[in-house]
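[1] I'd like to go over a predicted model; first the sequence, then the structure.
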Amino acid sequence: MKVNPSIPINSLLVALLTGCAGYNNTLFMTKSNVGLDFDSKPPTMEINVSRKEAVIAPSFEGGKTPPVMASFKPSAGAGGSFGSFFMGVDQTFAGGDAALAMSQLYNQPTATDIKKFDSALELSKKPGYTDPFRKIPDAGATRPLIFGTDTSLGLKAAWTGTGGQFPDTVKLGFNRKEFAWAPLSAMPKLNANCDKDGTKVNVKMPAFLATVESSHKLDTNGTRVEALQYFATGDSATYLAMQKDVRAAMHARLDPNSQAFKSRFSAEALDVFSDILFSHEMILAHWAKKGDKMAEAHLNQLNNLKNLGLPTTYRNDSIPVYVFDPSNMLVQKNPGAEITLNQKLAGITGYLSSLEASQDHLTNVIAQIEQNKTVKLQVGPNPSAQNDITTSLVPKLLADLTNLKQRAEKLKEALASNPDVKAADYYVQHKSSSR
């Protein structure tokens, strides 16, 4: 659905004249520009990143208002000439149950129970208005929901003819308008027996959701622009908001703790990254047992990490495990059976600890050999299969050391950049400091 750009202004004027916005309707609108925006009526000239947001909504007893939410995250442009105007922009725009689901779940896993996201406002009695135009309609009344977006990604020019050969409007880059005119309704509050609960009422507005994720990529063929949009109302909007991938336009880019996380996990801190993850797992498990649902959700996320490039097994020829005992100058390679990697956090941290420990043992072995000391090598669990390490074996040990070091560094980088690990670390740090 495309909406004429003049609709938000006209609707705003109607709302102000009739006086219904802020009483029995919610007016919610945004306007975003990333690039060039020229308009002769009214005179406008922008070459920047700009954002306008407005909401007119009723405020009921206790400061209760119908829930709305919006997010906006532009990223810097790249390239030269025309390509520099195409910037990645991610936006969300939601109201009602969908806004509640978006804000409550944030970066949590996909939810399945839609009943948990009921945005109805419970009031002690129905709001009373002397003006019939401001009255919230009773059950059975029908009123329109007006909801639309207008998105331009690229070059857009419009002529009315008044400017001759020159366009009245020119937009280059990302431009988007979002608008919702959402009516409120009132239903009697029911008790456990499904009878009216005195004079209590539930006031609610329809759910709506619009998201857009846009990006540009520069390659040898020039600039390629990509965009993904969602647009929905009612339960469809709420169910979409419950999907983690749909919320990515909000949570994956709005990362308020990214700089703090990056500074905390410098090169030195990555050396003990497996220990940090292990401690986080223990802390979250402890909080979860005490009924902390957020801790439980973060723990579930850590036990379902994706895109880490993990192998299926280790302690084999491809990924060996070394154990060095300096008391008898014996280093064992793969002293036990091959290990199947458990993809949960405990298995991942165990694997990472094994990589780091093997590096330490091999480094020690090579140092002993460089001091002309005799070191025996045992391959496998059989103690009788021991031989002195000769000069010809040293390159193989060095190759294994490099292999283990690269695997450990790659895994730590993947873990440190994982959004679920970041979110769990932020939660542990924030909650611990607030205690």
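    Great, that's in hand.
[2] okay, CA-based contacts and neighbour counts for the rest of this
    Noted.
[3] longest helix anywhere in the chain?
    helix 345-370 (DSSP state H).
[4] Buried residues, that helix. List them.
    Residues 345-346, 348-362, 364-366 are the ones in helix 345-370 that count as buried (16 or more other CA atoms under 10 Å).
[5] now do stretch 135-144
    135-137.
[6] now, which of these sits nearest residue 321?
    Residue 321 lies nearest to residue 136 out of the buried residues of stretch 135-144, by CA to CA, at 70.7 Å.
[7] Check the gap between the residue lying closest to the closest one once chain neighbours are set aside and residue 201 for me.
    In space, not counting the residues next to it along the chain, residue 136 is nearest to residue 24; the distance is 5.1 Å by CA to CA, 6 or more residues apart in numbering. Counting by CA to CA, to the nearest Å, the gap from residue 24 to residue 201 is 14 Å.
[8] Residue 134 now?
    With CA to CA as the criterion, residue 134 and residue 201 are 17 Å apart.
[9] and what of residue 36?
    Spatial separation of residue 36 from residue 201 under the definition CA to CA is 48 Å.
[10] Give me the more crowded residue out of the two.
    Neighbours were tallied for residue 36 and for residue 201 using other CA atoms under 10 Å; the higher tally belongs to residue 201 (22 against 18).
[11] so the more buried one sits in a strand?
    Yes: counting by DSSP: H, G, I helix; E, B strand; the rest coil, one finds residue 201 located in a strand.
[12] pLDDT value on it, please?
    With respect to pLDDT, residue 201 scores 90.
[13] pretty sure it is touching residue 127, no?
    No: taking CA atoms under 8 Å as the definition, residue 201 is not a contact partner of residue 127, at 9.1 Å.
[14] Strands of the stretch 251-400 of the chain, start to end?
    313-314, 322-325, 330-333, 339-340, 376-379, 386-388 (DSSP state E, counting those that start in this stretch).
[15] Lowest mean pLDDT among the helices and strands of the protein, which one is it?
    For the chain, using mean pLDDT, DSSP states H and E, the weakest element among its helices and strands is helix 7-18, scoring a mean of 48.
[16] any idea which of the strands of the stretch 251-400 of the chain scores lowest on pLDDT?
    Within these, the least confident segment by mean pLDDT turns out to be strand 386-388, at a mean of 88.
[17] How about residues contacting it?
    The set of residues external to strand 386-388 that reach it, using CA atoms under 8 Å, 6 or more residues apart in numbering, is 374-379.
[18] And that strand, what's buried?
    In strand 386-388, residues buried by neighbour count (16+ other CA under 10 Å) are residue 386.
[19] who does that strand pair up with?
    Note on strand 386-388: by DSSP bridges, its sheet partners are strand 376-379 (antiparallel).
[20] buried ones in the helix or strand residue 104 falls within?
    When elements are assigned from DSSP states H and E, residue 104 belongs to helix 97-105. By neighbour count, with 16+ other CA under 10 Å as the criterion, the buried positions of helix 97-105 are 97-103, 105.
[21] packing partners for it?
    Packing partners of helix 97-105 (3 or more CA pairs under 8 Å, 6 or more residues apart in numbering; DSSP states H and E): strand 68-74, strand 208-219, helix 234-241.
[22] on that earlier part again, with distance to residue 110 as added columns, please give the strands of the stretch 251-400 of the chain in CSV.
    As requested, the strands of the stretch 251-400 of the chain are arranged in CSV below (distance: least, CA to CA, whole Å):
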stretch, distance to residue 110
strand 313-314, 29
strand 322-325, 41
strand 330-333, 43
strand 339-340, 28
strand 376-379, 47
strand 386-388, 53
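[23] Any chance you could list what contacts the helix holding residue 104?
    Residues beyond helix 97-105 that count as contacts (CA under 8 Å, 6+ apart) turn out to be 67-69, 93-94, 111, 117-119, 206-209, 237-242, 247.
[24] pLDDT of that helix, averaged?
    Confidence for helix 97-105, expressed as mean pLDDT, is 89.
[25] before we move on, what about stretch 148-157?
    Confidence for stretch 148-157, expressed as mean pLDDT, is 79.
[26] from the chain's centre, how far out does that stretch sit?
    Offset of stretch 148-157 from its chain centre (CA atoms, centre = their mean, to the nearest Å): 25 Å.
[27] Would you mind listing the buried residues in it?
    Using 16+ other CA under 10 Å as the test for burial, stretch 148-157 gives 148-149, 151, 153-154.
[28] Now do the strands in the stretch 101-250 of the chain.
    Taking DSSP E, counting those that start in this stretch to define them, one finds strands in the stretch 101-250 of the chain at 121-123, 146-158, 169-183, 185-190, 196-204, 208-219, 222-233.
[29] nearest to residue 426, of those strands?
    Distances from residue 426 to each of these were compared using CA to CA; the minimum, 24.9 Å, belongs to strand 208-219.
[30] chain center to stretch 137-154: distance?
    The gap between the average C-alpha position of stretch 137-154 and the chain average comes to 27 Å, counting by CA atoms, centre = their mean.
[31] now stretch 301-318
    Between the mean C-alpha location of stretch 301-318 and the chain-wide mean there is a distance of 23 Å, by CA atoms, centre = their mean.
[32] Brilliant, that's me finished.
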